[in-house]
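K.L.:
How does the following fold in three dimensions:
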Amino acid sequence: MIIVNGQPEDLEVEITLKDFLKNYAYDERVVAVSLNEIIIPKSAYESTIVKDGAVLEIIKFVAGG
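P.N.:
Residues are numbered from 1 along each chain as shown. Alright, predicted model coming up:
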(Lines give C-alpha, C1' and ligand atoms only; values in the text may rest on other atoms or scores of the structure.)
Protein backbone atom coordinates (compact mmCIF):
# COMPACT_ATOMS: atom_id res chain seq x y z
CA MET A 1 0.00 0.00 0.00
CA ILE A 2 1.06 3.58 -0.69
CA ILE A 3 -0.36 6.94 0.37
CA VAL A 4 -1.38 9.39 -2.38
CA ASN A 5 -2.42 12.86 -1.26
CA GLY A 6 -3.25 11.48 2.17
CA GLN A 7 -5.35 8.57 0.87
CA PRO A 8 -4.30 4.89 0.91
CA GLU A 9 -3.96 3.19 -2.48
CA ASP A 10 -3.17 -0.43 -3.23
CA LEU A 11 0.04 -0.98 -5.16
CA GLU A 12 0.47 -4.53 -6.38
CA VAL A 13 3.87 -4.11 -8.05
CA GLU A 14 6.65 -1.55 -8.12
CA ILE A 15 6.08 0.94 -10.92
CA THR A 16 7.86 3.94 -12.36
CA LEU A 17 6.50 7.31 -11.34
CA LYS A 18 5.84 8.08 -15.02
CA ASP A 19 3.69 4.95 -15.38
CA PHE A 20 1.93 5.60 -12.08
CA LEU A 21 0.91 9.08 -13.22
CA LYS A 22 -0.27 7.70 -16.56
CA ASN A 23 -2.27 4.87 -14.94
CA TYR A 24 -4.02 7.30 -12.59
CA ALA A 25 -4.76 9.81 -15.40
CA TYR A 26 -2.44 12.57 -14.16
CA ASP A 27 -0.98 14.79 -16.88
CA GLU A 28 2.70 14.89 -15.97
CA ARG A 29 3.06 18.23 -17.75
CA VAL A 30 0.88 19.99 -15.17
CA VAL A 31 1.77 18.28 -11.88
CA ALA A 32 4.51 18.49 -9.30
CA VAL A 33 5.31 15.34 -7.34
CA SER A 34 6.83 14.79 -3.93
CA LEU A 35 7.86 11.22 -3.11
CA ASN A 36 8.64 10.60 0.56
CA GLU A 37 8.99 14.37 1.06
CA ILE A 38 11.46 14.78 -1.81
CA ILE A 39 10.39 16.78 -4.87
CA ILE A 40 11.03 14.70 -7.98
CA PRO A 41 12.12 16.58 -11.12
CA LYS A 42 10.14 15.73 -14.25
CA SER A 43 13.34 14.46 -15.86
CA ALA A 44 13.46 11.68 -13.23
CA TYR A 45 9.85 10.45 -13.51
CA GLU A 46 10.87 7.59 -15.82
CA SER A 47 13.66 6.35 -13.55
CA THR A 48 11.94 6.87 -10.17
CA ILE A 49 10.34 3.74 -8.75
CA VAL A 50 7.24 3.90 -6.56
CA LYS A 51 7.43 1.10 -3.99
CA ASP A 52 5.20 -0.27 -1.28
CA GLY A 53 5.11 2.15 1.65
CA ALA A 54 5.71 5.25 -0.48
CA VAL A 55 4.07 8.58 0.33
CA LEU A 56 3.19 10.64 -2.75
CA GLU A 57 1.92 14.19 -2.86
CA ILE A 58 0.73 15.19 -6.32
CA ILE A 59 -0.07 18.84 -6.93
CA LYS A 60 -2.01 19.82 -10.07
CA PHE A 61 -1.45 23.26 -11.54
CA VAL A 62 -4.59 25.00 -12.77
CA ALA A 63 -4.70 28.15 -14.86
CA GLY A 64 -7.33 30.70 -14.10
CA GLY A 65 -8.19 34.28 -14.49
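
K.L.:
So, low pLDDT: which residues of this protein?
P.N.:
Along the chain, segments meeting pLDDT under 70 span 65.

K.L.:
Mind jotting down where the helices sit in it?
P.N.:
Here the chain has its helices, by DSSP state H, at 17-23.

K.L.:
Show me where it has its strands.
P.N.:
2-4, 7-9, 15-16, 31-35, 38-40, 49-50, 55-60 (DSSP state E).

K.L.:
Make CSV out of those and add mean neighbour count.
P.N.:
Glycine gets a C-beta too; all of them are placed from N, C-alpha and C. Converted to CSV, the strands of the chain look like this (neighbours: other C-beta atoms under 10 Å):
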stretch, mean neighbour count
strand 2-4, 16
strand 7-9, 10
strand 15-16, 16
strand 31-35, 17
strand 38-40, 12
strand 49-50, 18
strand 55-60, 15
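
K.L.:
Make TSV out of these and add distance to Lys22.
P.N.:
Putting the strands of the chain into TSV (distance: least, C-beta to C-beta, whole Å) gives the following:
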stretch	distance to Lys22
strand 2-4	14
strand 7-9	15
strand 15-16	9
strand 31-35	11
strand 38-40	15
strand 49-50	12
strand 55-60	13
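
K.L.:
so which of those strands comes closest to Asn23?
P.N.:
strand 15-16 (7.4 Å; C-beta to C-beta).

K.L.:
Can you give the strand pairings for that closest one, parallel or anti for each?
P.N.:
Strand pairing for strand 15-16, using DSSP bridges, gives strand 49-50 (antiparallel).

K.L.:
Give me the contacts around the strand it pairs with.
P.N.:
Strand 49-50 is contacted by residues Ile2, Leu11, Glu14, Ile15, Thr16, Leu17, Phe20, Leu35, Leu56 when judged by C-beta atoms under 8 Å, 6 or more residues apart in numbering.
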